[in-house]
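Student: no sequence on hand, only this structure:
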C-alpha cells in the first residue's frame with residue numbers, strides 16, 4: 001500500500017533488531033582500530049563503535065584480567081559482600097578523577113543510562129538529607145542525551161528518542177546549549193560573551209523554580225545528539241559557580257567525553273570545573289564489559305554517610321567483579337600507554353592533533369558546514385547551503401547516505417540527524433580509538449571525502 005513501511009524478512013534472526021529496515025553484517029573479530037565481519041570484510045572503526053572503544057580492539061591483557069577474575073569469583077551481591085577488585089578499582093578511579101574527588105566514593109553499575117539514573121536519584125536524596133525536600137527539579141539542556149531509561153530520557157532532549165515516551169515522562173525545565181556554529185547570541189568576541197548569556201539561562205531557570213532545583217546535568221562536550229560541541233571559555237566555569245551559589249548540585253555527564261577521550265582524564269579538566277557528581281561509562285571499560293560509574297564528591301558522600309547512612313537505590317549487577325576487572329585493566333592500560341596524552345589535540349604531533357589537522361581538509365567540500373570537536377571526539381555537520389547554513393531536508397537523510405558510502409569503503413562513522421532542531425540537521429560523530437595511526441587517519445579522510453562527494457550527487 002502507498003506510504004506503508006517496507007520491512008525486511010525477519011525469519012533469519014530471533015533478535016529484536018535495532019532496525020528491521022536494514023540488514024547488518026555479523027562482526028566476528030577486532031584488532032586495534034579494525035573490525036572484521038563474517039565475510040572477511042575489514043572496517044576501520046572511526047567512531048569507536050559509539051564513542052566506546054578508546055584503547056583499541058583485541059587487547060589481550062584486558063581479556064586476561066577478566067578471565068582471571070572469573071576463575072576466582074564471578075559474582076556477589078553488593079548487599080552481602082564487597083570485593084578486593086571493587087575496593088582497588090574505586091580507589092584508583094578516584095585518583096584518576098583528581099583532587100576534587102579525594103575522599104569521595106564510586107558507585108559502579110552496568111552502563112551510562114544506569115549511571116545517569118543513579119545520579120539523578122542521588123542528587124534528590126542529597127537534597128532531602130540536608131533538609132531541602134522541596135528540591136525535586138532537574139535542569140538539563142536542549143539537544144542533550146543522557147540515556148535510555150525513563151529517568152534519563154526525562155532529562156534528555158533528543159527528540160527522536162524521547163517523543164514517543166513523552167506521556168510517560170515528567171517534564172523538567174531546560175536551557176539552551178552553547179552551539180557557536182548556530183549561536184543564538186553574539187559570537188563576535190570569540191564566544192566568551194555568548195557563553196555568559198547561555199550560563200545566565202541556567203541562573204534564570206533556577207531563580208524561576210523558587211528553590212526547587214536539585215541538580216543541573218550537562219555534557220561538558222556534547223555527545224552524539226548535538227555532535228562534539230565544545231563550550232566557549234568561561235561557560236562551564238560560570239555554570240559551576242551558579243550551582244555552588246544556588247546550592248544546586250552539578251552533574252557532569254562524561255559517558256562519552258570521559259576517560260581520556262578529549263585529551264584530559266575528564267573533559268571538565270579542560271576548564272578546571274569541579275562537578276559534585278561525575279558520570280562515566282563507555283570508555284570506562286572501552287567496551288570490553290558493560291560498565292558505568294558515578295564518581296561522587298566528598299561533600300555528597302559525607303551527607304549520605306552522616307545522615308541516613310544508605311543510598312536508597314541499587315542494581316543487581318552493581319560492582320560486578322568481571323566488569324570491574326575489565327575496567328581496572330583498561331585504566332591501567334590507559335596509563336601505561338599514555339593514551340590521554342595521545343588524545344590531546346593541542347599537542348603538536350599527537351594522534352589527536354593529526355586528526356584535527358586532517359579533518360580540517362573536509363571544509364573544502366560544499367556539503368560540510370562545520371567540523372568541530374576536541375581530542376578524539378569530533379563531528380562533521382552537513383549543510384545544503386554553506387552561506388545560509390541551511391540544513392538538508394530530513395527525508396534526504398544526508399548523514400545516512402554518507403555513512404553508507406563510507407561503509408562500502410570499509411569505514412565506520414556514526415550518523416545522527418536532528419542537531420539543528422531535533423528533526424533537521426545532519427552530522428556524523430567521529431571518535432576513533434587512541435591507537436589509530438597517522439597513516440590510517442590520512443586514509444580515512446580520503447574515504448570520507450569520497451563518501452561525501454558520492455552522497456552529494458546521489459538523487
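Tutor: Okay, I see it. Since this is a predicted model, take the numbers as computed values, not measurements.
Student: what about the residue nearest to residue 54 when sequence neighbours are not counted? Give its phi and psi, please.
Tutor: Here the nearest residue to residue 54 in space, its sequence neighbours aside, is residue 283; by C-beta to C-beta, 6 or more residues apart in numbering that works out to 4.2 Å. C-beta coordinates here come from the backbone N, C-alpha and C atoms, glycine included. Backbone torsions for residue 283, taken as degrees, to the nearest 10, come to phi -60, psi -10.
Student: any idea how many residues pack against residue 283?
Tutor: If you count neighbours by other C-beta atoms under 10 Å, residue 283 ends up with 32.
Student: that one touches residue 50, doesn't it?
Tutor: No - if you go by C-beta atoms under 8 Å, residue 283 and residue 50 don't touch, sitting 11.0 Å apart.
Student: can you pull the residues that touch both of those two?
Tutor: Here residue 283 and residue 50 have no joint contacts, going by C-beta atoms under 8 Å, 6 or more residues apart in numbering.
Student: so which residues make contact with stretch 308-326?
Tutor: Stretch 308-326 has contacts (C-beta under 8 Å, 6+ apart) with 62, 65-66, 68-70, 73-79, 82-83, 85-86, 89, 107-110, 114, 118, 121-122, 125, 129, 285, 288-291, 304.
Student: now for the helix or strand in which residue 447 is found, which elements pack on it?
Tutor: Using DSSP states H and E, residue 447 maps to helix 438-457. Counting contacts by 3 or more C-beta pairs under 8 Å, 6 or more residues apart in numbering; DSSP states H and E, helix 438-457 packs against strand 42-45, helix 351-359, helix 398-408, strand 411-412.
Student: using CSV, lay out these together with mean neighbour count, mean pLDDT and distance to residue 197.
Tutor: CSV is the format used below for the helices and strands packed on helix 438-457 (neighbours: other C-beta atoms under 10 Å; pLDDT from 0 to 100; distance: least, C-beta to C-beta, whole Å):
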stretch, mean neighbour count, mean pLDDT, distance to residue 197
strand 42-45, 19, 98, 38
helix 351-359, 21, 98, 27
helix 398-408, 20, 97, 29
strand 411-412, 20, 98, 37
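Student: how about the ones you listed in TSV, adding distance to residue 54?
Tutor: TSV is the format used below for those (distance: least, C-beta to C-beta, whole Å):
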stretch	distance to residue 54
strand 42-45	11
helix 351-359	12
helix 398-408	21
strand 411-412	15
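Student: and of the ones you listed, who's closest to residue 100?
Tutor: Nearest of those to residue 100, taken as C-beta to C-beta: helix 351-359 at 24.1 Å.
Student: what's next to the helix or strand following the closest one, contact-wise?
Tutor: As assigned by DSSP H and E, the chain's next helix or strand after helix 351-359 is strand 368-374. With C-beta under 8 Å, 6+ apart as the contact definition, strand 368-374 has outside contacts at 181, 221, 227-230, 262-263, 267, 270, 345, 356, 359-360, 362-363, 378-383, 386, 389, 430, 452.
Student: tell me the contacts of residue 171?
Tutor: residue 154.
Student: picking that back up, out of the helices and strands packed on helix 438-457, flag the one nearest residue 435.
Tutor: Of all these, helix 351-359 sits nearest to residue 435, with 8.3 Å by C-beta to C-beta.
Student: so which of the helices and strands packed on helix 438-457 gets nearest residue 36?
Tutor: strand 42-45 (5.5 Å).
Student: in its sheet, what does that closest one sit against?
Tutor: Using DSSP bridges, the strands paired with strand 42-45 are strand 34-37 (antiparallel), strand 411-412 (parallel).
Student: out of those strands, which comes closest to residue 256?
Tutor: Once the strands paired with strand 42-45 are compared by C-beta to C-beta, strand 411-412 is nearest, at 16.4 Å.
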